[in-house]
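[1] Next one to model:
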Amino acid sequence: MNWKKILALALLLAVLLAAIVYLDRKERGRQASEGMLLDIAADSIDRIELRNSEGAFVFSRRDTLWQMEKPLAAKADKVALESILDHFSRLQYDRLVAENTGDLKAFGLDTPGIELKLSAKGQLAATVALGVKNTLDDSSYAKLAGDGRVVSIAAYKRQDLEKDLLAFRDKKFFVIDPMAVNALEFRSGDAAVSLAKKDDRWVMEKPLFSLARESRISELLSATSQLEAASFAPAGDAGERAAFGLDRPLLTAEFGTPSGPRRITVGRQGESYYALAEGSSEACGISGDFVEKFVADAGTWRESKVARFFAYDAREISFQQGAFRFALRKDEAGNWDFLPPRPGMKPDGEKVDSLLTVLSGLEAAGFIDDPSAVPVAAARVVIQTEDQAEPEKHGETVLEFGVAAGETVVVRDPSLPYSYRVPRETMEKLPARIEDIVAEPSPPQAGK
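    Now for the predicted structure:
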C-alpha cells in the first residue's frame, strides 16, 4: 500500500472540506447582510422627483403615461421611469454598512449626489439618498430618510438615476399606428408619390396608377412608427428651422389616419438630418436611413407580382387555351375533381398544384401602361379562392395570356388598366392537353 498517495488524498479531501465550509459561511454571511430598505407598490407611485449631476427632474403619471414636468414639459420615457420603479419601489440592498451612525460624510451622504423622492396620491412616500461609490465594485452607499441604516446597493441601480434630459424624454416624436394608416403622400425633391389603401389593397395613384408593393409600404410604415429622436432643438421660427435645413426640405410626407393627416418634414444640415413633426416646435435629429426609404421612383412602389392569390387558397380553376378547356373544384378533403365530372378521368393533384404555383408565382419583367394595347388572349385562367383564415372571404383572379413575342408574353388582369410582361417560357408551363392535368393510368400488373 502506498501511504504517500493515501496521505496526499486525505490532505486534498481536507482542503476541499475547508473550502466548502468557508464558502458556506461566506454565503450565509452575505445572505444575512442583505435586506429590504424600501417596499412600496410600484403602481401606487404617481410622482417621481429626482436630483442628480445633470439637474432636477419631476415626472408625474396619468393613467399609464408618464409626463415630464421639469425641466420642461414633455412626454417621459416610460421604460426609463419603470426601471426606476422596478429597482427603487422595492429597494433591496446588498450589504448593511452601518446602523445609526452620525458620520454620514464618510459615505458621501451628508450632501448626497443623488436624491430620489417617490410620491403616491399626492403624499411623499419615501426619499432615498445616494452617496459616493464603493471603489471596489462601483456599488453605492444609500440611505432612506428617517432610517438610520446606511446600506450598499448594486451599481446598475444607481445607473437608472444618472441619466440626462435626453435619456428621460420619450424619443418617439412622431407616433403613428402602421395598421391604421390608409394613405401616404410624399415629395422628395421634384418628384411626388401618392399611395392609398382601397378595399384592403394598397394602390399607387401618382405618378401613375398601379397596385402597390405592400411589403415595401409596410417596411416604411414600420420604420416611421419606430422613428426616434437622437436630439431635440428649438425650431419654432423660420430662422431656427433654416438652421436645420427645414426651410428647403429633402422630404415632406403626409400619413392619412382615421383621426386626420399627420405630416413630417425632413431637412439636412451638413451630414446631419433633422425632422419636424407638424404642430411641434422642436427639430429632432434622426438617422439619414429614414429619408432613403422614401424613394420617389414609381418602380420602387409598383407591385410586380402578377396574380393576387396564394396557391393553397385556390378552390376552383377554369382554364381555356384555344379549343382546350377544363374546370376543376377542390372538395373538403383537398382533392381536385373535374367540373362537371369526366367519367374515367381524375385530376393529378401534383400537376394541379404545380400549375397553381406557376400562376401565383408570376413576376412581371416589365409593364405596359397603355390600356389600349390589350393582346388577343391565347389562354385564359380564372381562379376562385377562399381565405382559409376567413372562410367567408372569397376572391377571384383572372389572367389572360397573349401570344408569345420575342422573349416575353403579355399577361393582362382585366380589372387593371395596364398589362404585364412575363418570360415567354411561362406559356410552356401551362397545360396544352388533358394529359397535362390528369393522373397517368396505372400500368397493368403482370398476370392480369
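
[2] give me the number of residues near the closest residue to L208 other than its chain neighbours?
    What sits nearest to L208 in space, not counting adjacent residues and going by CB to CB, 6 or more residues apart in numbering, is A298, at 5.7 Å. Every residue, glycine included, has its C-beta placed from N, CA and C. The tally of other residues near A298 (other CB atoms under 10 Å) stands at 16.

[3] Going by secondary structure, the nearest residue to K172 once chain neighbours are set aside is in what exactly?
    Spatially, and ignoring its direct neighbours in sequence, K172 is nearest to E228 (5.8 Å; CB to CB, 6+ apart). Assigned by DSSP states H and E, E228 belongs to neither a helix nor a strand.

[4] With G299 instead?
    Counting by DSSP H and E, G299 is found in helix 298-301.

[5] what helices or strands is that helix leaning on?
    In terms of contacts (3 or more CB pairs under 8 Å, 6 or more residues apart in numbering; DSSP states H and E), helix 298-301 is packed against strand 191-198, helix 214-225.

[6] right, and the helix or strand after the last one?
    Right, helix 214-225. Using DSSP H and E, the helix or strand that follows helix 214-225 in sequence is strand 231-234.

[7] Now that next one: buried residues?
    Residues F232 are the ones in strand 231-234 that count as buried (16 or more other CB atoms under 10 Å).

[8] Mean confidence (pLDDT) on whichever helix or strand comes after that strand, please.
    Going down the chain from strand 231-234, the next helix or strand is helix 238-242, by DSSP H and E. Across helix 238-242, the average pLDDT comes to 92.

[9] ok, now which ones touch the residue nearest to K172?
    K171, K172, F173, I286 (CB atoms under 8 Å, 6 or more residues apart in numbering).

[10] Which ones among those residues lie within strands?
    I286 (DSSP state E).

[11] give me the number of residues near the closest residue in space to V295 that isn't next to it in sequence?
    Leaving aside its sequence neighbours, V295 sits nearest to S188 (CB to CB, 6+ apart; 7.4 Å). Residues lying near S188 (other CB under 10 Å) number 19.

[12] gap between S188 and A253?
    According to CB to CB, to the nearest Å, S188 and A253 sit 9 Å apart.

[13] Kindly export stretch 226-238 (C-alpha atoms) in CSV.
    Presented in CSV, the C-alpha positions along stretch 226-238 are these (Å, rounded to 0.1, in the frame of the first residue of the first chain):
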residue,chain,number,x,y,z
GLN,A,226,-40.2,53.4,-34.7
LEU,A,227,-38.6,56.7,-35.5
GLU,A,228,-36.8,58.2,-32.5
ALA,A,229,-35.0,61.5,-31.9
ALA,A,230,-31.3,61.4,-31.2
SER,A,231,-31.5,65.1,-30.2
PHE,A,232,-34.0,67.9,-29.7
ALA,A,233,-33.5,71.6,-30.5
PRO,A,234,-35.9,74.6,-30.7
ALA,A,235,-37.3,75.2,-34.2
GLY,A,236,-40.2,77.5,-33.6
ASP,A,237,-39.4,80.3,-36.1
ALA,A,238,-38.2,80.5,-39.6
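
[14] R342 should be in a helix, yeah?
    No. When classified by DSSP: H, G, I helix; E, B strand; the rest coil, R342 is found to be coil rather than part of a helix.

[15] Enumerate every residue touching it.
    Counting by CB under 8 Å, 6+ apart, R342 has no contacts.

[16] Beyond the lengthiest strand in the chain, next helix or strand please.
    Longest strand in the chain, counting residues (DSSP E): strand 123-133. The helix or strand immediately downstream of strand 123-133 is strand 140-144, counting by DSSP H and E.
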